[in-house]
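**Q** Make a model of this:
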Amino acid sequence: MTSFVSVLSSPEKVPTRSIVLLAVAGFASQAMVRVTDSLLPQIAIDFGTTVGEASIVVAAYAVGHGAIQLIIGPFGDRFGKYRTVATMCALATILVALCGTVQSLSALAVARFASGVAAGWIIPLSMAYVGDVTPYARRQPILGRYLTGQISGQLFGQAAGGVLGDLFGWRDVFFVLAAMFALATAGLVFELMTNPRTRAASHAEETRGGFVADYAAVLSNPWARFVILAVFIEAAIGWGAFAYVGADLHLRFSLTFGAIGLIVGTFGLGGLLYAASVSLLVNRFGQAGLAQFGGVLLGLAYLTLAVGGSAALATVAVTAIGLGFYALHNTLQTNATQMTPQARGTAVAIFSSAIYLGQTLGVTAGAVVFDRFTAVPLFAGTAVALPALAWWFAAKLRRHGMQGGAKTKGERL
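**A** From the prediction side, this is the model:
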């Protein structure tokens, strides 16, 4: 691993504008993920079907978005990450607009699947590009700020599905999102034309050994395997519990769905709080300490949800979950961008695939616990498991830092 001193003295400036434009693309991509949740009743009425049957448009996008993660890395490493993101952003513009024009539920499901495949390239390759152009000592705060686009996109997507859907209808919501992809595409293409660093086919550390060689490079690396395992466990435990926060609030406090949506949405506010304070947190705790901070905060927050004192306390707890989650997850993300520099795009793509697989398995297992025992044991178990994962990861990170000569604490911007 590159030494801290040499990285800090790197003469290259971080291309801030190119990263900001990737964050805009990430905003559009994340807005698409949950936008149809609130639109399902309108879609069902328009096509004369049930909400349950209409929910195929949600599943289709998730399958397309998640499945493509397994193959995108080598393409980005070969043809240039920024160029590939711009191309897929342009394709997503067309496919998302197509969602607003279809005349049947099956056609909408196909269009959603295809748009998920296109949008699925954007965030992993953007993170890999940030890894290419950002010194490791400065990378976590920059990735944390890049997360602002994703988090804001999630919040906007949830709101747009409800507010814009009520005002203009579900078809116009897709046209608005397509316009956002188009705006991001225009910015990315302009940056490709004016910034030579975005046109580089690969980073200096990357090799061209082929598709299989890239996967072999990642999976043969013990540290890479551990980071992938850690994020898989994080996704399974974290999302496996968080998916049932809304249902638990309704069951315990008989809250309206609107109130539940506001409370669950404070998760995003916690994420934005992390993005705003990431430099301070990294400088104060270092990477390993920040992971532990996130784990402890997650444990206290889920313990608060398990006790279930009031809806007001739940709001505070969910906000803390957002802050704690991103403190831990962003540390994992930062290490994912450096665990196999010679195949960075492939490494981040496998990392993203582990998140989707862990989330799917965790939510499925969580459903069994919730249906039989309510959310209390689910939240209580998570309150123990996530801090344990964070401290395990921090211990491994410190050991890896000592072996690789990289510091995990006291890094300064």
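**Q** which stretches of the stretch 1-150 of the chain have low pLDDT?
**A** Within the stretch 1-150 of the chain, the stretches with pLDDT under 70 are 1-12.
**Q** What pLDDT does the model give residue 196?
**A** Note on residue 196: pLDDT of 87.
**Q** which residue is nearest the middle of this protein?
**A** residue 150 (6.9 Å; C-alpha atoms, centre = their mean).
**Q** Next one: it from residue 347, what distance?
**A** Here the criterion is C-beta to C-beta, to the nearest Å. By it, residue 150 lies 19 Å from residue 347. Bear in mind the C-beta positions are built from the backbone N, C-alpha and C, glycine included.
**Q** before we move on, back to that, the residue nearest to the centre of the chain sits in which helix or strand?
**A** helix 136-168 (DSSP states H and E).
**Q** going on from that helix, what's the next piece of helix or strand?
**A** Scanning onward from helix 136-168 (DSSP H and E), the first element met is helix 170-194.
**Q** chain center to that next one, what's the gap?
**A** Centroid separation between helix 170-194 and its chain, computed with C-alpha atoms, centre = their mean, to the nearest Å, is 20 Å.
**Q** name the helices or strands packed onto it?
**A** helix 16-34, helix 40-47, helix 81-99, helix 136-168 (3 or more C-beta pairs under 8 Å, 6 or more residues apart in numbering; DSSP states H and E).
**Q** Which of those helices sits closest to residue 226?
**A** helix 136-168 (17.7 Å; C-beta to C-beta).
**Q** Let's test this: what are the backbone torsions at the residue sitting furthest away from the middle of the chain?
**A** Most distant from the centre of the chain: residue 48, at 34.0 Å, with distances by C-alpha atoms, centre = their mean. Main-chain torsions, residue 48, degrees, to the nearest 10: phi 60, psi 50.
**Q** So in this protein, which helix runs the longest?
**A** Counting residues, the longest helix in the chain under DSSP state H turns out to be helix 257-307.
**Q** what angle sits between it and helix 136-168?
**A** 140 degrees (axes from the mean of the first three to the mean of the last three C-alpha atoms, to 10 degrees).
**Q** centre of the chain versus helix 257-307, how much separation?
**A** Relative to the centre of its chain, helix 257-307 is centred 15 Å away, using C-alpha atoms, centre = their mean.
**Q** Do me a favour and average the pLDDT over it.
**A** If you average the pLDDT over helix 257-307, you get 91.
**Q** And the next helix or strand past that helix?
**A** With elements assigned by DSSP H and E, the helix or strand that comes after helix 257-307 is helix 311-336.
**Q** helices or strands next to that next one in the packing?
**A** Under the contact criterion of 3+ C-beta pairs under 8 Å, 6+ apart, helix 311-336 touches helix 136-168, helix 222-242, helix 245-253, helix 257-307, helix 344-373, helix 376-404.
**Q** returning to what we had before: correct me if wrong: the residue nearest to the centre of the chain contacts residue 30.
**A** Yes. Contact criterion C-beta atoms under 8 Å: residue 150 and residue 30 qualify, at 4.6 Å.
**Q** okay, and the common contacts of these two?
**A** residue 123 (C-beta atoms under 8 Å, 6 or more residues apart in numbering).
**Q** Next, the contact list for residue 361, please.
**A** Neighbours of residue 361 in contact, by C-beta under 8 Å, 6+ apart: 236, 240.
**Q** could you check the angle helix 16-34 makes with the helix holding residue 150?
**A** Angle of helix 136-168 versus helix 16-34, following the same axes, to 10 degrees, is 50 degrees.
**Q** tell me what helix 136-168 is packed against?
**A** Helices and strands touching helix 136-168, by 3+ C-beta pairs under 8 Å, 6+ apart, are helix 4-8, helix 16-34, helix 122-133, helix 170-194, helix 257-307, helix 311-336.
**Q** Pick the most deeply packed of the ones you listed.
**A** helix 122-133 (a mean of 27; mean count of other C-beta atoms under 10 Å).
**Q** tell me what that helix is packed against?
**A** helix 16-34, helix 69-79, helix 81-99, helix 136-168, helix 344-373.
**Q** Tell me which of those lies nearest to residue 273.
**A** Nearest of those (C-beta to C-beta): helix 136-168, 9.9 Å.
**Q** Tell me what angle the closest one forms with helix 311-336.
**A** Using the same axes, to 10 degrees: helix 136-168 against helix 311-336 is 130 degrees.
**Q** thought residue 74 was touching residue 348?
**A** No. Judged on C-beta under 8 Å, residue 74 makes no contact with residue 348 at a distance of 11.6 Å.
**Q** Who has more neighbours out of the two?
**A** Between residue 74 and residue 348, counted using other C-beta atoms under 10 Å, residue 348 has the larger neighbour count: 30 against 20.
**Q** Was I right to think that one contacts residue 131?
**A** Yes. With contacts counted by C-beta under 8 Å, residue 348 reaches residue 131, the gap being 7.3 Å.
**Q** Need the overlap of contacts for these two.
**A** Counting by C-beta under 8 Å, 6+ apart, the residues touching both residue 348 and residue 131 are residue 337.
**Q** ok, residue 222 - how many residues close by?
**A** For residue 222, the neighbour count with other C-beta under 10 Å is 10.
**Q** again with the one 4 residues further on
**A** Applying other C-beta under 10 Å, we find 17 residues neighbouring residue 226.
**Q** and the gap between the closest residue to it other than its chain neighbours and residue 344?
**A** Leaving out its chain neighbours, the residue that sits closest to residue 226 by C-beta to C-beta, 6 or more residues apart in numbering is residue 396, at 6.0 Å. According to C-beta to C-beta, residue 396 stands 20 Å off from residue 344.
**Q** Those two: who's more crowded?
**A** Neighbour count, other C-beta under 10 Å: between residue 396 and residue 344, residue 344 has more, with 30 against 17.
**Q** quick one: contacts for the residue nearest to the centre of the chain?
**A** By C-beta under 8 Å, 6+ apart, the contact list for residue 150 reads 23, 26, 27, 29, 30, 123.
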